[in-house]
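# 3D, please:
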Amino acid sequence: MNVDLFDFTLPEELIAQTPLAQRTASRLLMLNKNNGATEHGTFMNLADKLQAGDVLVLNDTRVLPARLLGTKQDTGAKIELLLLKQLEGDRWEVLAKPAKRMKLGSIVVFGENEQGEPLLQAKVEEEGDMGARIVSFSYKGIFNELLDQLGEMPLPPYIKERLDEKERYQTVYSKHEGSAAAPTAGLHFTEAFLAELENKGVELAYITLHVGLGTFRPMSSETVEEHEMHAEYYELSEQTAKILQRAREEKRRIVAVGTTSARTLETVGQRFKDQPLQACNGWTSIFIYPGYEFKLVQALLTNFHLPKSTLVMLVSALAGRDHIMKAYAEAVEHKYRFFSFGDAMFIY
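Have a look, this model is predicted:
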């Protein structure tokens with residue numbers, strides 16, 4: 001299947017650069033996956049589409065302030081490190097810019113204390129492809145507190161504006177730190193709207209998937225089948241496993257909030273295909289594209305994605321490529337806002 005089948009024209013002015021003042025103020029395109037019918041409304045219309053008994057599954061990962069700006073110890077050259085994955089202890093996989101300056105043994109320093117000593121220091125232990133490096137950090141104190149002090153939010157490259165309020169790139173239910181990017185479909189919710197859905201009889205369930213930057217990397221292969229996904233860490237609690245298992249037995253609808261929740265649910269669905277769901281964790285590199293048969297997810301709330309991305313392929317697997325391409329054309333025509341801070345789409 002050629003990657004170009006999932007291409008579309010997106011005017012640059014439709015790429016949302018800043019979040020709206022109110023989280024729930026986004027627009028919502030509603031797509032019936034069976035017949036391709038669409039409706040246009042606001043995010044609050046999601047309450048009309050959800051029914052009592054539906055299970056709404058939310059990813060409670062929290063974004064690390066993973067963008068560190070420092071200087072090379074020997075030359076003073078400016079270096080940016082983007083934390084991708086904690087390996088063990090203080091060893092991390094990072095993206096380095098400019099990578100050519102970050103050779104084996106290179107040391108980068110960040111911030112300084114009252115004595116003029118670096119607050120944080122990173123030494124390159126291994127060199128990888130496409131700017132990837134393995135570094136070991138050394139510091140005094142607590143790593144996450146230093147990250148909060150020194151780090152910036154790792155906004156996607158298509159966002160050029162500075163984010164004034166860090167929490168706007170976190171969901172209101174974010175809990176477990178570890179993501180390099182936000183599960184952006186969840187950014188539309190407020191505590192009040194979630195409470196309204198619960199009062200209606202919608203059951204909330206939480207999973208964790210720490211989003212890696214592989215989610216946003218462009219596909220380099222010409223065919224869909226050749227592409228390899230980067231692995232991401234997920235956790236399913238015992239409480240959520242029980243909620244999902246009950247819903248499955250009672251044939252109630254499982255609604256994923258975001259492609260990260262969808263990929264986690266489908267990983268778990270494959271893992272426990274013919275047995276009751278159980279608490280579990282692990283790494284997933286599941287790649288969902290047309291032809292895939294969903295095990296758990298029946299409906300999906302999502303934002304609008306990049307042309308030719310794995311995420312457009314995932315939504316096409318759920319609703320059909322033709323329905324998705326038609327809906328995206330409508331979204332462009334109606335000037336919906338795209339990507340992380342953009343509007344939402346509900347596929348049901």
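# Distance check, residue 318 against residue 143.
Using CB to CB, to the nearest Å, one obtains 38 Å as the distance from residue 318 to residue 143. For every residue, glycine as well, the C-beta is placed using N, CA and C.
# neighbour-wise, which of these two wins?
Counted by other CB atoms under 10 Å, residue 318 and residue 143 do not tie: residue 318 has more neighbours, with 24 against 14.
# per-residue pLDDT, that one?
As predicted, residue 318 sits at a pLDDT of 98.
# in what helix or strand does it lie?
Assessed by DSSP states H and E, residue 318 sits inside helix 310-319.
# How about residues contacting that helix?
6, 31, 33, 36, 215, 219, 224, 227, 229, 259, 262-263, 287-292, 294, 297, 300, 302, 305-306, 324-325, 327-328, 345, 347 (CB atoms under 8 Å, 6 or more residues apart in numbering).
# buried subset of those residues?
Neighbour-count burial (16 or more other CB atoms under 10 Å) applied to these gives 6, 31, 33, 215, 219, 224, 227, 229, 259, 262-263, 287-290, 294, 297, 300, 302, 305-306, 324-325, 327-328, 345, 347.
# Take these and keep only those in helices.
Of the buried ones among the contacts of helix 310-319, the ones assigned to helices by DSSP state H are 259, 262-263, 324-325, 327-328.
# May I ask which two of the residues you listed are separated the most?
263 and 325 (21.4 Å; CB to CB).
# returning to what we had before: now render the ones in helices among the buried ones among the contacts of helix 310-319 as TSV, adding distance to residue 43 and pLDDT.
Putting those into TSV (distance: CB to CB, whole Å; pLDDT from 0 to 100) gives the following:
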residue	distance to residue 43	pLDDT
259	17	97
262	19	98
263	22	98
324	20	98
325	23	98
327	16	98
328	18	98
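# Could you export the residues you listed as CSV, including distance to residue 185?
Compiled in CSV, those are given as follows (distance: CB to CB, whole Å):
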residue, distance to residue 185
259, 7
262, 9
263, 12
324, 15
325, 20
327, 16
328, 16
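# The residue with the largest distance to the centre of the chain: what secondary structure?
Here the chain reaches farthest from its C-alpha mean at residue 115, the gap being 39.4 Å by CA atoms, centre = their mean. With DSSP: H, G, I helix; E, B strand; the rest coil as the basis, residue 115 sits in coil.
# Quick check: it vs residue 140, distance?
For residue 115, the distance to residue 140 (CB to CB) stands at 11 Å.
# and what of residue 98?
Distance from residue 98 to residue 140, counting by CB to CB: 29 Å.
# do residue 15 as well
Residue 15 is 41 Å from residue 140, by CB to CB.
# what about these two, which has more around it?
residue 15 (19 against 10).
# Disregarding residues adjacent in the polypeptide, which is nearest to residue 263?
In this structure, residue 263 finds its nearest non-sequential neighbour in residue 286, 5.4 Å apart by CB to CB, 6 or more residues apart in numbering.
# residue contacts, that neighbour?
Here residue 286 is in contact with 229, 263, 266-267, 270 (CB under 8 Å, 6+ apart).
# would you list every one of the helices in the stretch 151-300 of the chain?
Along the stretch 151-300 of the chain, counting by DSSP state H, counting those that start in this stretch, helices occupy 191-200, 238-249, 258-271.
# Can you list the neighbours in contact with the first one?
Read that as helix 191-200. By CB under 8 Å, 6+ apart, helix 191-200 touches 24, 44, 46-47, 50, 52, 56, 172-173, 204.
# Show me those that map onto strands.
Residues of the contacts of helix 191-200 located in strands (DSSP state E): 56, 204.
# so how far is the helix or strand harbouring residue 125 off the chain centroid?
Using DSSP H and E, the element containing residue 125 is strand 118-127. Here strand 118-127 is found 27 Å from its chain centre; the criterion is CA atoms, centre = their mean, to the nearest Å.
# Give me the next element, helix or strand, following it.
strand 132-139.
# Buried residues, that next one. List them.
Applying a neighbour-count criterion of 16+ other CB under 10 Å, the buried positions in strand 132-139 are 132-135, 137, 139.
# mind checking pLDDT for the closest residue to residue 61 other than its chain neighbours?
In this structure, residue 61 finds its nearest non-sequential neighbour in residue 179, 4.4 Å apart by CB to CB, 6+ apart. Per-residue confidence at residue 179 stands at 91 (pLDDT).
# check contacts around residue 22.
Residue 22 neighbours (CB under 8 Å, 6+ apart): none.
# ok, now how distant is it from residue 43?
Residue 22 sits 9 Å away from residue 43, going by CB to CB.
# Can you classify residue 92 by secondary structure?
Going by three-state DSSP, the secondary structure assigned to residue 92 is strand.
# Tell me the bridge partners for it.
Judged by DSSP bridges, the bridge partners of residue 92 are residue 86, residue 135.
# cool, residue 108 as well?
According to DSSP bridges, beta-bridge pairing links residue 108 with residue 72, residue 122.
# what about it, how many residues close to it?
28.
# Residue 75 is in contact with that one, correct?
No - between residue 108 and residue 75 there is no contact under CB atoms under 8 Å: 10.5 Å.
# quick one: low-confidence parts of the chain?
For the chain, the stretches with pLDDT under 70 are 214-218.
# please redo it, this time with the cut-off set to 90
Scanning the chain for pLDDT under 90 picks out the ranges 66, 84-86, 129-131, 153-166, 180, 212-220, 228, 230.
# what domains does the record give for it?
Following automatic domain parsing, the chain resolves into domains at 3-63+165-347, 67-150.
# No more questions from me, cheers.
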